[in-house]
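Peer 1: no sequence on this one, just coordinates:
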């Protein structure tokens, strides 16, 4: 009866493959971040959000003076549901509100409401 023996060469290949797989996993974990999330204030309702009564008034008051059909600063038009939805679903709206436009919202609750609406798929309800 003939014994099957793994040669040194095969063992080295297996070890290199395992090392490569582990290294790829370890490197991917280095990029993970832990972000502390503050709960919304008690009076901030992020459940009962509609476009017409919640989102549109915030965008109209805070954004449309610079981002409308007639004034499209940065190439962004936030007038009308279709334009707002497009900006929201592409990530441009949240990127702006988390970045250079952060100071235009009165409080964290307005931001949380917009983010919750986007997370629901930006419905026109």
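Peer 2: Sure, I can see it. Note that the structure is predicted; figures quoted are calculated from it, not measured.

Peer 1: most centrally placed residue in this structure?
Peer 2: In the chain, the residue lying closest to the centroid (C-alpha atoms, centre = their mean) is residue 91, at 6.5 Å.

Peer 1: Phi, psi for that one please.
Peer 2: Note on residue 91: its backbone torsions stand at phi 100, psi -10 [degrees, to the nearest 10].

Peer 1: and the closest residue to residue 121 other than its chain neighbours, which of the three is it?
Peer 2: Once flanking residues are discounted, residue 121 sits nearest to residue 89: 7.9 Å by C-beta to C-beta, 6 or more residues apart in numbering. For the C-beta atoms, the positions are set from N, CA and C on the backbone; glycine is no exception. Taking DSSP: H, G, I helix; E, B strand; the rest coil as the rule, one finds residue 89 in the helix state.

Peer 1: Surely residue 89 touches residue 122?
Peer 2: Yes - taking C-beta atoms under 8 Å as the definition, residue 89 is a contact partner of residue 122 at 5.6 Å.

Peer 1: quick one, which of those two is more surrounded?
Peer 2: Looking at residue 89 and residue 122 with other C-beta atoms under 10 Å, you find the greater number of neighbours at residue 122, namely 18 against 12.
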